[in-house]
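>>> I'll drop the sequence and a predicted model, then ask my questions.
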Amino acid sequence: MPAWADTLRVATFNTELSRNGPGLLLRDILKGTDAQITAVLDLLAQTNADVITLQGFDYDLENRALMAFANALEKRGLHYPHRFAAPPNAGFRTGLDLNGDGRRGGPDDAQGYGRFFGAGSIAVLSRFVIERDEVQDFTSLLWRDLPGADLPQIDGKPFPSAEAQAVQRLSSRGHWVVPILHPKMGRVSILTFHATPPVFDGPEDRNGKRNADEIRFWQHFLDGKIGQAPAARFVLVGDANLDPNRDEGEHEAIKALLDHPALVDAMPKLPTVDWPQTGPMRVSYILPSTDWHIVDAQVVPQIAAASRHNLLWMDLKQ
């Protein structure tokens, strides 16, 4: 049995690798000369995680970019034979005005913000088998169907319209539960998402409310109100785009998740991004279930050539 079979290293990283159009990320990966992609690949190789979730990674229907990225990692000695990326809400056109600007067809009129379908989506890379038939994908869940959904209003009326709210999905990219088969620990469920930022809206606070409800989704999931929560050994990872205390957003949403009795917050108060307009903030998280023993964890120092975000990793043991 390989030495790594006694522990599980889980990582999450907002790569900010999204490009300006479909197919461009694949093109740049295959070129092999893009400085940012090289920096991200080198950082992942140094991290040597067993399972990693990536944010800001463009989706394509055949996952060619993800495959090329995994092949580039393999040349650096990091082998991820198992990968998962499903069609996201990012850039998924609706034909409606979803942001209330009186126009249709803009990036904010898609189910999730995106100039093209799949822009800035999420992906999972794993050393271990992914039980694809057991994946729970909540990408198509309507926002209004979330228990207690806090839908935006103006003057007591649905914003931007009742028609828009009838089709608006909750996830800006997706909410996934991805089961991994560890050779020694058995099934480990990876819960992952990337919420919309709670800014870039108006007095209706559409993005702020959506961000909070994307985070609250996991509370409902863990409480058995949506889907089927794993009985044991799971890890919630991703970019919530919300700091518990700083800047805009409904801070109570992330505080409530961090305080959930099924989760452990082992890296409190450690910033995970440094935006020029806000300074250091904590927006990315690794939250293991309480039945894990946490061996080690780190917020890796920012690599400016790769991303404004920090990579996070955590070593877990039964």
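Received, thanks. The structure presented is a predicted model; accordingly, all values stated were derived computationally and were not measured.
>>> mind checking what helix or strand follows the longest helix along the chain in sequence?
Secondary structure assigned by DSSP state H gives helix 206-222 as the longest helix of the chain. Sequence order places strand 234-239 as the next helix or strand after helix 206-222, per DSSP states H and E.
>>> which elements pack onto that following strand?
strand 8-14, strand 51-57, strand 186-194, strand 284-288, strand 312-317 (3 or more Cβ pairs under 8 Å, 6 or more residues apart in numbering; DSSP states H and E). Placement of C-beta: from N, CA and C, glycine included.
>>> mind running it again at 7 Å?
strand 8-14, strand 51-57, strand 186-194, strand 284-288 (3 or more Cβ pairs under 7 Å, 6 or more residues apart in numbering; DSSP states H and E).
>>> of those strands, which is nearest W275?
When the helices and strands packed on strand 234-239 are ranked by distance to W275, counting by Cβ to Cβ, first place goes to strand 8-14 at 11.5 Å.
>>> which other residues reach that closest one?
The contact list for strand 8-14 (Cβ atoms under 7 Å, 6 or more residues apart in numbering) reads 47-56, 182, 185, 188, 235, 237-239, 284, 286, 307, 309, 311-316.
>>> swap in 6 Å and give it another go.
47, 49-56, 235, 237-239, 284, 286, 309, 311-316 (Cβ atoms under 6 Å, 6 or more residues apart in numbering).
>>> again with stretch 118-131
18, 50-59, 66, 80, 82-85, 88, 90-91, 173, 178-182, 194.
>>> tell me the buried residues in it?
Burial within stretch 118-131, assessed by neighbour count using 16 or more other Cβ atoms under 10 Å, is assigned to G118, A119, G120, S121, I122, A123, V124, L125, S126, R127, F128, I130.
>>> against T12, how distant is Q55?
Distance from Q55 to T12, counting by Cβ to Cβ, to the nearest Å: 7 Å.
>>> okay, the two: which has more neighbours?
A count of neighbours by other Cβ atoms under 10 Å puts T12 above the other of Q55 and T12, at 30 against 27.
>>> residues in contact with L30?
A68.
>>> quick revisit: how far off strand 186-194 does the longest helix of the chain point, in degrees?
Per axes from the mean of the first three to the mean of the last three Cα atoms, to 10 degrees, the angle that helix 206-222 makes with strand 186-194 is 170 degrees.
>>> how about helix 206-222 as CSV, C-alpha atoms only?
C-alpha atoms of helix 206-222 as CSV (Å, rounded to 0.1, in the frame of the first residue of the first chain):
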residue,chain,number,x,y,z
ARG,A,206,-29.5,40.4,-6.2
ASN,A,207,-25.9,39.1,-6.0
GLY,A,208,-25.6,39.6,-2.3
LYS,A,209,-28.8,37.5,-1.7
ARG,A,210,-27.7,34.9,-4.2
ASN,A,211,-24.3,34.5,-2.7
ALA,A,212,-25.8,34.0,0.8
ASP,A,213,-28.3,31.5,-0.5
GLU,A,214,-25.6,29.6,-2.4
ILE,A,215,-23.8,29.2,0.9
ARG,A,216,-27.0,28.4,2.8
PHE,A,217,-27.6,25.6,0.4
TRP,A,218,-24.9,23.5,2.2
GLN,A,219,-26.6,24.0,5.5
HIS,A,220,-29.8,22.7,4.1
PHE,A,221,-27.9,19.8,2.5
LEU,A,222,-26.2,18.8,5.7
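>>> ok, and what's touching that helix?
Residues outside helix 206-222 that contact it (Cβ under 6 Å, 6+ apart) are 146-147, 149-150, 152, 175, 195-196, 198, 200-201, 226-227, 229, 240-242, 249-250, 253-254, 257, 260, 262.
>>> repeat that with 7 Å
Counting by Cβ under 7 Å, 6+ apart, 99, 143, 146-147, 149-150, 152, 159, 170-172, 175, 191, 193, 195-201, 226-227, 229, 236, 240-242, 248-250, 253-254, 256-257, 260, 262 sit against helix 206-222.
>>> which of the residues you listed fall in strands?
The members of the contacts of helix 206-222 that map onto strands under DSSP state E are H175, L191, F193, L236.
>>> pretty sure the last one contacts F193?
Going back to what we said before, that points to L236. No. Contact criterion Cβ atoms under 7 Å: L236 and F193 do not qualify, at 8.6 Å.
>>> now stretch 129-141: buried residues?
I130, V135, Q136, D137, F138, T139, L141.
>>> what do you get for stretch 187-196?
R187, V188, S189, I190, L191, T192, F193, H194, A195, T196.
>>> farthest-separated two in the residues you listed?
R187 and T196 (30.1 Å).
>>> quick check: the gap between G105 and T12.
Between G105 and T12 the computed distance is 32 Å (Cβ to Cβ).
>>> just send the helices and strands packed on strand 234-239 back as CSV, with distance to L222 and mean pLDDT too.
Listed next are the helices and strands packed on strand 234-239 as CSV, based on distance: least, Cβ to Cβ, whole Å; pLDDT from 0 to 100:
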stretch, distance to L222, mean pLDDT
strand 8-14, 17, 98
strand 51-57, 18, 98
strand 186-194, 9, 98
strand 284-288, 10, 98
